[in-house]
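> sequence below, structure please.
(chains A, B and C)
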Amino acid sequence: MRHHLILRVITKILAGTIMLFAFYVQFHGDYSPGGGFQAGVILAVAFILYGLVFSVETVQQVMPPWLVHRAMALGLLLYAGTGVFSLLTGYNFLDYTALAPHHPEHGQELGILLVEGGVGITVTAVMLSIYYAFVGRTPVIGDEEW
Amino acid sequence: MQGANWEYLVGHANYWLFVTLMMTGLYIVVARGNFVKKIIGLNIFQSAVIMLYISMGKVEGGTAPIFPLDGEIDPAITYTNPLPHVLMLTAIVVGIATTSLALALIVRIREEYDTIEEQDIWEAEQEISARERRQYGEVFGEAGK
Amino acid sequence: MSGQVAGDALAGHAAGVVETATAAERALGLADHLPVLVVLVPFLAAPLVVLLGARRLAWPITFAAAFFSLAAALSLLSGVLGGDAISYHIGGWAPPLGIEYRIDAANAFVMVIVSAIAVAILPYARTSIAAEIPARQHVLFHALFLLALAGLLGVAATGDAFNLFVFLEISSLATYVLVAMGAYRDKRALTTAFNYLLMGTTGATFFVIGIGFLYMSTGTLNMADLAQLIAQQPGNRTIHAGFAFIIVGMGLKVAMYPLHLWLPGAYTYAPSAVSAFLAATATKVAVYVLLRFLFTVFGPQYTFEAAELTWVILPLALLAMFAASFIAIFQVNFKKMLAYSSIAQIGYMLLGIAMLSQTALTGAIVHLFNHAITKATLFMVIGAYVLRAGGAFYRDIEGIGRVMPWTSAAGVIGGLSLIGVPGTAGFVSKWLLVQGALEKGWWWMALLVVASSLLAVVYVWKGIETAYLRAPREDVDRREAPLTMLVPIWIMALSTIWFGLSAEWTVGAAGTAAEALMSGASQLLISGGAGH
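Reported below is the predicted structural model:
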């Protein structure tokens, strides 16, 4: 897509903004609508948009498929690991109080933060791997076919 | 009587919508031969369920169930029920997983069969079965000789 | 927030008791976490396998996780055989608001079946998938296997209706992919997996609609809580609708006779190890869910008196027993024959449910177990044949009894158990079903059970004749199956004999489970009421 100057310039501006917005949604999720699911999808959108305009190979230099696969598992482990931590410290599974026993409210906040972080990582990775999986199978559309 | 009926119809608008969407989706899944269309039908079907749950959580005059930062809850404020929304968040994720898996299967099916029309695939598979029967079926015919 | 309440947890729920205690008092040991660990360990192992990404580590981790689940499930079962129930609160939130894992004899029994089959199949799967699935997919195979296992265990463990749906979908999605992995041998695995996905998702969505209706009229998702509240509103149309949706939805997952269309293909074209695992566990867990909803949530009075479900399930069960057995006779593919026979065997379980008596229900639950080990044996035998002879058609296995005597002997034992010959596991459960029928005075039913077993004789004999009374083919690999396959096969085969000869354990456990299911509703009525 070498000739689409407007698309390329806009994408370069937008991709960073979208990522920023994704992090806003991620970290604002504690006390307003938002959280890992939405933020993960938005973050993935930034990468997918970049991939659509500048080819998959370019975006795969930043997010190689092996990293995406690992991140998928890592996010899930972060989520479940939070639960296992509370389990090991003598609380019920996913009882966030365990993270700050003397100040349960802080524990809740920290727990949500960690869990949503895990969700965010996994959702981003899953969305990207779905994109990679499908895009890797389609024949590339040449510039003259537009 | 007429008025009461009208009220009944409007008062249950979400259910009419749910029923229509659900039956539309299910019909597409059953009646369409194209696999991608089937998946779209399945999506509509699942969306109908999401609508049902979301409308279920609506409390008349209720506001978003976000408690104030200081945790002081004013009993005068009515909150909507957040649970159905949370459930549907999960259901949406399940739906996405199902859809992407189905699409991935369709891609593979297309690679193997060169078509995603149910009828063509059915014919191709009938042919394979018939060949198998010819090839392997006479085992018990021979036993009679 | 209350910690773990063992034993009589119901009073606690009903009153919504919120206990506050200091950290020291509420520190829980590992043993207290077993209800969640049994699901969590395989569930955690799945991403771990993907994260490590090493083919050599995938199998040991998978096996260790499955083994842990088996040990946990056994220890849970021994804890609840006295008739108690263990309740575990996720996140420390007390039910009915929080998600509760609730273990009683019925689901502990199901968890033992599922994890035991997984442990037995994994060593076998290692050799089997090496031949059937390309090496680069092995890591993902193990991750998916773990997810399917965790999902099935989760369905059994949870006491929350919506959580059940989520676990059902986790296991189903993993299963669809596992079935599709058969495409490396036969491309029809893909279309089969696609059809399975369509029907499975439709079934699961029906189930969610049903749960939605129940939630609408009761405002709760906790099964114990649901049971109480449903019993209080007997004439509620919304609950009737929810009931119908749940039965149809689970009927699809169970492969209840006219809703069985996904099953033959899925079992036939999936990789051998997957067929064995699926046939032994997936439908069994679905039957458990059906039992749980029919008996615990809705209660026998509601299910069978108000809804007269007996006369819906009974004809379908009979149809399954005869029609599916009949179709099985005319198959040219040994694996497909077994798949149709599975539908027929599910018919027996539904029969036990429909007869609605302690004996018949015990029979149904024992059959759940016995059929799981029988079918696992047979599908594993087929997998060994596929490895050596290259296919599962009768043509491929002509005279294989002489080439692979040990494998075939195990197959014969499995076949005999499928028929229900005395001394094998299949006999015990069929005997209980016949007894249940006779208790009701339905002698015709007893005759029908025997008659359908005769159909099983026909299709099993077809297999035995092909394997033993033909000259072996020249072009096949003339070796016995490798030991890694033979040992699991024989463990399963011997267990079919063991549980056929000494049935006390299975019948006892199933009896307790049936009691827990049958009396579930009435117990709740006594202890509940305070909170609502």
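
> buried ones in stretch B:13-28, by neighbour count?
Using 16 or more other C-beta atoms under 10 Å in any protein chain shown as the test for burial, stretch B:13-28 gives B:18, B:21, B:22, B:25, B:26, B:28. Glycine gets a C-beta too; all of them are placed from N, C-alpha and C.

> same deal with stretch A:44-52?
The neighbour-count check on stretch A:44-52 (16+ other C-beta under 10 Å) flags A:44, A:45, A:46, A:47, A:48, A:49, A:50, A:51 as buried.

> so does that stretch get close to chain B?
No. Between stretch A:44-52 and chain B, judged by C-beta under 8 Å from any C-beta of the partner chain, nothing touches; the nearest distance is 11.7 Å.

> excluding sequence neighbours, find me the nearest residue to residue C:397.
Spatially, and ignoring its direct neighbours in sequence, residue C:397 is nearest to residue C:385 (5.1 Å; C-beta to C-beta, 6 or more residues apart in numbering or on different chains).

> and the one you found, how many neighbours?
By the measure other C-beta atoms under 10 Å in any protein chain shown, the count of residues near residue C:385 is 27.

> who are the packing partners of the lengthiest helix in chain A?
Among the segments of chain A that qualify as a helix by DSSP state H, the longest is helix A:104-135. Helix A:104-135 sits against helix A:5-28, helix A:36-54, helix A:56-62, helix A:65-88, helix B:83-113, with contacts defined as 3 or more C-beta pairs under 8 Å, 6 or more residues apart in numbering or on different chains; DSSP states H and E.

> next, the angle from it to helix A:65-88.
150 degrees (axes from the mean of the first three to the mean of the last three C-alpha atoms, to 10 degrees).

> buried residues of helix A:104-135, list them for me.
Residues A:104, A:107-132, A:135 are the ones in helix A:104-135 that count as buried (16+ other C-beta under 10 Å).

> does any part of stretch B:24-35 sit near chain C?
Yes. Contact of stretch B:24-35 with chain C (C-beta under 8 Å from any C-beta) involves B:26, B:29, B:35.

> so the last one makes contact with residue B:116?
If I follow you right, that is residue B:35. Yes. Taking contacts as C-beta atoms under 8 Å, residue B:35 lies within contact range of residue B:116: 4.4 Å.

> can you list residues touching both of these two?
Shared contacts of residue B:35 and residue B:116 (C-beta atoms under 8 Å, 6 or more residues apart in numbering or on different chains): B:106, B:109.

> list the contacts for residue C:131?
By C-beta under 8 Å, 6+ apart, the contact list for residue C:131 reads C:386, C:387.

> again, 6 Å this time
Listed by C-beta atoms under 6 Å, 6 or more residues apart in numbering or on different chains, the contact partners of residue C:131 are residue C:387.

> likewise residue C:236?
Residue C:236 touches residue C:217, counting by C-beta under 6 Å, 6+ apart.

> and chain A, which residues reach chain B?
Neighbours of chain B within chain A, by C-beta under 6 Å from any C-beta of the partner chain: A:130, A:137.

> in chain A, what residue comes closest to chain B?
residue A:130 (4.8 Å; C-beta to the nearest C-beta).

> tell me which helix or strand the residue nearest to residue C:397 sits in.
helix C:358-389 (DSSP states H and E).

> which other residues reach the next helix or strand after that helix?
Where DSSP H and E defines the elements, the next helix or strand beyond helix C:358-389 is helix C:400-403. Contacting residues not belonging to helix C:400-403 are listed as C:408, C:467, C:468, C:472, C:478 [C-beta under 6 Å, 6+ apart].

> now the third one, nearest residue through space, not along the chain?
Nearest residue to residue C:468, sequence neighbours excluded (C-beta to C-beta, 6+ apart): residue C:401, at 3.9 Å.

> how deep is that neighbour tucked in, by neighbour count?
A total of 22 residues lie near residue C:401 under the criterion other C-beta under 10 Å.

> what sits closest to whichever residue of chain B sits closest to chain A if chain neighbours are left out?
Nearest residue of chain B to chain A: residue B:100, at 4.8 Å (C-beta to the nearest C-beta). Spatial nearest neighbour of residue B:100, excluding adjacent residues (C-beta to C-beta, 6+ apart): residue A:130 at 4.8 Å.

> so between residue B:35 and residue B:116, which is more surrounded?
Higher neighbour count among residue B:35 and residue B:116: residue B:35, with 23 against 18, using other C-beta under 10 Å.

> now do the helices in chain B.
Using DSSP H, helices in chain B cover B:2-11, B:13-31, B:35-57, B:83-113, B:118-136, B:139-143.

> okay if I get those as a markdown table plus distance to residue A:35 and mean pLDDT?
Formatted as a markdown table, the helices of chain B follow (distance: least, C-beta to C-beta, whole Å; pLDDT from 0 to 100):
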| stretch | distance to residue A:35 | mean pLDDT |
| --- | --- | --- |
| helix B:2-11 | 34 | 75 |
| helix B:13-31 | 26 | 91 |
| helix B:35-57 | 17 | 92 |
| helix B:83-113 | 9 | 90 |
| helix B:118-136 | 39 | 88 |
| helix B:139-143 | 60 | 51 |
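
> so which residue is dead centre in chain A?
Most central in chain A under C-alpha atoms, centre = their mean is residue A:124, positioned 2.8 Å from the mean C-alpha point.

> so where's chain A shaky on pLDDT?
The model of chain A has pLDDT under 70 over residues A:1-2, A:31, A:33, A:138-146.

> what does it put close to chain C?
Within reach of chain C by C-beta under 6 Å from any C-beta, chain A has these residues: A:70, A:73, A:76, A:77, A:80, A:87, A:90, A:92, A:93, A:94, A:95, A:101.

> for residue B:66, what are phi and psi?
Dihedral pair for residue B:66: phi -110, psi 120, per degrees, to the nearest 10.

> if you could redo that for residue C:86, that was the one I meant.
According to degrees, to the nearest 10, residue C:86 has phi -100, psi 130.

> any idea how far the nearest residue to it once chain neighbours are set aside lies from residue C:169?
What sits nearest to residue C:86 in space, not counting adjacent residues and going by C-beta to C-beta, 6+ apart, is residue C:103, at 4.4 Å. Distance, residue C:103 to residue C:169, using C-beta to C-beta, to the nearest Å: 22 Å.

> check the secondary structure at the residue of the stretch 1-150 of chain C found nearest chain B for me.
The minimum distance from the stretch 1-150 of chain C to chain B, using C-beta to the nearest C-beta, falls at residue C:97 (9.0 Å). Reducing the assignment at residue C:97 to three states with DSSP: H, G, I helix; E, B strand; the rest coil gives coil.

> contact partners for the closest residue to residue C:361 other than its chain neighbours?
By the measure of C-beta to C-beta, 6+ apart, the closest residue to residue C:361 outside its immediate chain neighbours is residue C:514, 4.2 Å from it. For residue C:514, the contact set (C-beta under 6 Å, 6+ apart) comprises C:358, C:361, C:362, C:365.
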